[in-house]
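Chemist: Model the structure of this input:
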Amino acid sequence: MASVVRALLALLCMLCVGTAEGYIAKAWPVRIKSWDGTMLDATYFRPVQLLGHERFPLMIFSNSWGVPGFEYTLPGYELAKRGYVVVQYETRGFFLSGGEIDLAGDADLKDHAEVITWAEKEFAKYLLQPLVVGTGGISYGGGMSLLSAVNDTRIRTVVAMSSWGSLFHAFYWNDAPSVYCMDVLMATSKLTGRDPSILETMLHDIVVHKNMSRVTAWAEQRGPLHYLDRLNARGNLSVFLSNGLGDDLFHSNMQLGFWEQLAVPKRLLLNPGWHGEWEIPGLLPGFHSYVWDKAFDWIDHYLKGAPNGADKPPLVAVSLEQRGVETLLPSDRQLYSTWPPRDDEYRVTGYALTHEGLREDWVHVLMKNASAGAAPAATISFTKKTKMNNGYIPPVRSLLEPFSPTEVDLRKLDPQHEIAFFTEALATSERLCGIVRLTNLTVSASTDRFQLFAYLYRVPHWSPLHPLTIHPDAKMITHTPFVRWDDYTAGDVTEVPPLEFRAACVDMKKGERLAVGFNLHNTLYQAGNATAGVSVSLQFPAGRPGMLEVPFVGAA
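Modeler: Residues are numbered from 1 along each chain as shown. Just a heads-up that it's a prediction; the model follows:
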């Protein structure tokens, strides 16, 4: 089987050789012997020297999790035509590479360094001296690239797409185990590679909340955020990041926090959709990719010194969500000099959660900048039959979102299990862009362990004749989980730590409302307590109401 795959790859590489523009590109599959004798499957792309003495930068790509090593054939070919030597390789444990999967551990990082060393020797008469190296990839390959740049000073630039900042928080955001994320990793690793027992053990411990100090240490050493100081100390490093706003695997909040603290030349693209959704088209023939165009410009500037303005502001490009395929166009991206935006139009509006009835028992008010008085608690109990996320299943839901958005009829919520709060209708059109936060949220629970899931909705304008009527088709914008595992006694009133919703950027029309909903079940996460008897009461203490903090960046 391996010989068949390699023969097909060789044929694909030969078909890639051409002279449409730039250099003629040669490509061929190879095997690279790593530091411990493990054989890594790889492909190289090399420009044919036109004058016989040109020297080129080196670009390394690592495969995405569970994706074969020929993933970057088209970008590799494009870069070779532009005058780069390119090596793409399968990380250990996957497909034709030897060894066991290491999940960006020490063995993987040594492999990455060894691939650079191999290329330096193999292509000595083609590479610039001193060596000029870039590294990149999507998902697993992007994280590997960032981690490799921590210690390998040969690396001058990193292109990390749909990668992570903290692997621990990818698995355990707000103490909520992301069973969806972990199930995807385990299923694909078993199907496409050889996963070690330690991987399954660690992920299981996260789900059941056991041995957490060991799990934290294991996961944190596999996250670039853990090495932020060392990355910032690199005097010759630059970083290009691209992430999906709707990514439920490696959510963009992690990369936003990482990007804000990164003190090297940097650029950030925030795209609509799910994990890798807007980077994958650049890997396919016949598709245009805004993300890869910008990545190529970045590589040209930082590895060749091309005066293309890739280093100039604006350095942040954010796509508007819920606009469908037209987000392919650069004109649909909002450009900012930094993140979060700091211009005059950026403001955060606070809405207080109150228990005042707006129309019926299930409708409650978000009072703008209010300091409400005390009110009775609102209690919801656990059920798997919830309408809040309307059967949201990524990535299928994400792919359908431009054509059939996730809509929920908030009028039909079961008040025993779900609750929603609504703002007043917006007086003007607004652009919501950034990270929405819940602060001062006070609750009590019937059990020592509990969970709470919050959802943010955009509620269309219904009728000017009935301004208090709620539109039946609220569109989910984003969500956030929370689980309390320890240090809580049933019945106690406690304040939940500030919760960040997944970052979003949407236009809202005059007359529309925002709504925030709560329930105790979400299929993406492991619940702290999934028994029928668990309940959570939202408290409304006098003078300190729960606040929904919404970032707006001017008129839509």
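Chemist: List the buried residues in stretch 222-236.
Modeler: 222-228, 231, 234 (16 or more other C-beta atoms under 10 Å). (Glycine included, C-beta is placed from N, CA and C.)
Chemist: ok now that stretch, how far from the chain's centre?
Modeler: Distance of stretch 222-236 from the chain centroid (C-alpha atoms, centre = their mean, to the nearest Å) equals 19 Å.
Chemist: Start at 706, not 1
Modeler: Yep, numbering from 706; the last one is stretch 927-941 now.
Chemist: End to end on it, go ahead and measure it.
Modeler: Between the opening and closing residues of stretch 927-941 lies a distance of 22 Å (C-alpha to C-alpha, to the nearest Å).
Chemist: quick one: contacts of that stretch?
Modeler: With C-beta atoms under 8 Å, 6 or more residues apart in numbering as the test, stretch 927-941 has contacts from 808-810, 848, 851-852, 854-856, 858, 861, 868-874, 925, 942, 944, 959, 962-963, 966-969.
Chemist: 7 Å - rerun?
Modeler: Residues outside stretch 927-941 that contact it (C-beta atoms under 7 Å, 6 or more residues apart in numbering) are 808-810, 848, 851-852, 854-855, 858, 861, 869-873, 925, 942, 963, 966-969.
Chemist: follow-up on the earlier one: let me have the buried residues of stretch 927-941 in JSON lines, extended by distance to R1207 and pLDDT.
Modeler: Output for those, formatted as JSON lines (distance: C-beta to C-beta, whole Å; pLDDT from 0 to 100):
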{"residue": "R927", "distance to R1207": "22", "pLDDT": "96"}
{"residue": "G928", "distance to R1207": "18", "pLDDT": "95"}
{"residue": "P929", "distance to R1207": "20", "pLDDT": "96"}
{"residue": "L930", "distance to R1207": "17", "pLDDT": "95"}
{"residue": "H931", "distance to R1207": "22", "pLDDT": "95"}
{"residue": "Y932", "distance to R1207": "24", "pLDDT": "97"}
{"residue": "L933", "distance to R1207": "22", "pLDDT": "97"}
{"residue": "L936", "distance to R1207": "24", "pLDDT": "97"}
{"residue": "R939", "distance to R1207": "30", "pLDDT": "94"}
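Chemist: Check the residues you listed against L833 and report the nearest one.
Modeler: Checking the buried residues of stretch 927-941 against L833 by C-beta to C-beta gives R939 as the nearest, at 18.9 Å.
Chemist: Tell me how many other residues crowd E1217.
Modeler: Neighbourhood size, E1217 [other C-beta atoms under 10 Å]: 21.
Chemist: no, scratch that, I was asking about P1165
Modeler: Neighbour count of P1165, defined by other C-beta under 10 Å: 16.
Chemist: wait, it sits on D1178?
Modeler: Yes: using C-beta atoms under 7 Å, P1165 is in contact with D1178, at 6.4 Å.
Chemist: Turn the buried residues of stretch 927-941 into JSON lines, columns for distance to K1117 and secondary structure.
Modeler: Formatted as JSON lines, the buried residues of stretch 927-941 follow (distance: C-beta to C-beta, whole Å; DSSP: H, G, I helix; E, B strand; the rest coil):
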{"residue": "R927", "distance to K1117": "43", "secondary structure": "coil"}
{"residue": "G928", "distance to K1117": "41", "secondary structure": "coil"}
{"residue": "P929", "distance to K1117": "44", "secondary structure": "helix"}
{"residue": "L930", "distance to K1117": "41", "secondary structure": "helix"}
{"residue": "H931", "distance to K1117": "45", "secondary structure": "helix"}
{"residue": "Y932", "distance to K1117": "48", "secondary structure": "helix"}
{"residue": "L933", "distance to K1117": "46", "secondary structure": "helix"}
{"residue": "L936", "distance to K1117": "49", "secondary structure": "helix"}
{"residue": "R939", "distance to K1117": "54", "secondary structure": "coil"}
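Chemist: farthest pair in those residues?
Modeler: R927 and R939 (19.1 Å).
Chemist: correct me, but H1226 touches K1092?
Modeler: No: using C-beta under 7 Å, H1226 is not in contact with K1092; the gap is 10.8 Å.
Chemist: Report pLDDT for N976.
Modeler: At N976, the model reports a pLDDT of 90.
Chemist: For it, list each beta-bridge partner.
Modeler: G949 (DSSP bridges).
Chemist: Burial check on it, number of neighbours?
Modeler: Quick note: N976 (other C-beta under 10 Å) scores 26 neighbours.
Chemist: Who are the contact partners of it?
Modeler: By C-beta under 7 Å, 6+ apart, the residues touching N976 are 947, 949-950, 983, 996, 1024.
Chemist: I'd like those residues laid out as a markdown table, including neighbour count.
Modeler: Shown next, in a markdown table, are those (neighbours: other C-beta atoms under 10 Å):
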| residue | neighbour count |
| --- | --- |
| S947 | 27 |
| G949 | 30 |
| L950 | 25 |
| W983 | 25 |
| V996 | 23 |
| S1024 | 22 |
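Chemist: right, and out of those, which lies closest to Y1007?
Modeler: Of all those, Y1007 sits closest to S947, with 15.4 Å by C-beta to C-beta.
Chemist: Next secondary structure element downstream of the helix or strand that closest one falls within?
Modeler: Secondary-structure assignment from DSSP states H and E places S947 in strand 943-949. Counting by DSSP H and E, the next helix or strand C-terminal to strand 943-949 is helix 957-966.
Chemist: Can you list the neighbours in contact with that next one?
Modeler: Defining contact as C-beta under 7 Å, 6+ apart, one finds that helix 957-966 is touched by 869-871, 874-875, 929-930, 933, 946, 948-950, 971, 973, 975, 1044, 1140, 1205, 1207-1208.
Chemist: Check which helix or strand the closest residue to L942 other than its chain neighbours maps to.
Modeler: Leaving aside its chain neighbours, L942 sits nearest to V969 (4.9 Å; criterion: C-beta to C-beta, 6 or more residues apart in numbering). Using DSSP H and E, V969 maps to neither a helix nor a strand.
Chemist: what's the neighbour count on V969?
Modeler: When neighbours are counted by other C-beta under 10 Å, V969 comes out with 16.
Chemist: Give me the pLDDT for it.
Modeler: What the model reports for V969 is a pLDDT of 97.
Chemist: Between which two of the contacts of N976 is the distance greatest?
Modeler: Farthest-apart pair in these is L950 and V996; separation 13.1 Å (C-beta to C-beta).
Chemist: one step back: nearest to R1249 among the contacts of N976?
Modeler: Of the contacts of N976, the one sitting nearest to R1249 (C-beta to C-beta) turns out to be L950, at 31.3 Å.
Chemist: wait, that closest one sits on L974?
Modeler: No: counting by C-beta under 7 Å, L974 is not a contact partner of L950; they are 10.4 Å apart.
Chemist: How about T1084: what's its closest non-neighbour residue?
Modeler: Distances taken as C-beta to C-beta, 6+ apart put S1242 closest to T1084, at 4.3 Å, once the chain neighbours are dropped.
Chemist: Contacts only, for that neighbour.
Modeler: 1082-1084, 1148-1149.
Chemist: Can you convert these into JSON lines and add a column each for secondary structure, neighbour count and distance to G798?
Modeler: Below are the contacts of S1242 laid out as JSON lines (DSSP: H, G, I helix; E, B strand; the rest coil; neighbours: other C-beta atoms under 10 Å; distance: C-beta to C-beta, whole Å):
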{"residue": "A1082", "secondary structure": "strand", "neighbour count": "15", "distance to G798": "51"}
{"residue": "A1083", "secondary structure": "strand", "neighbour count": "20", "distance to G798": "49"}
{"residue": "T1084", "secondary structure": "strand", "neighbour count": "18", "distance to G798": "48"}
{"residue": "V1148", "secondary structure": "strand", "neighbour count": "23", "distance to G798": "43"}
{"residue": "S1149", "secondary structure": "strand", "neighbour count": "18", "distance to G798": "46"}
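Chemist: Go through those residues and name the one nearest T796.
Modeler: For the contacts of S1242, the closest approach to T796 (C-beta to C-beta) belongs to V1148, at 42.9 Å.
Chemist: where does that closest one land on pLDDT?
Modeler: Listed pLDDT for V1148 reads 97.
Chemist: again, but for H758
Modeler: Per-residue pLDDT puts H758 at 85.
Chemist: quick one: secondary structure of it?
Modeler: Classification of H758 using DSSP: H, G, I helix; E, B strand; the rest coil returns coil.
Chemist: All good on my end, thank you.
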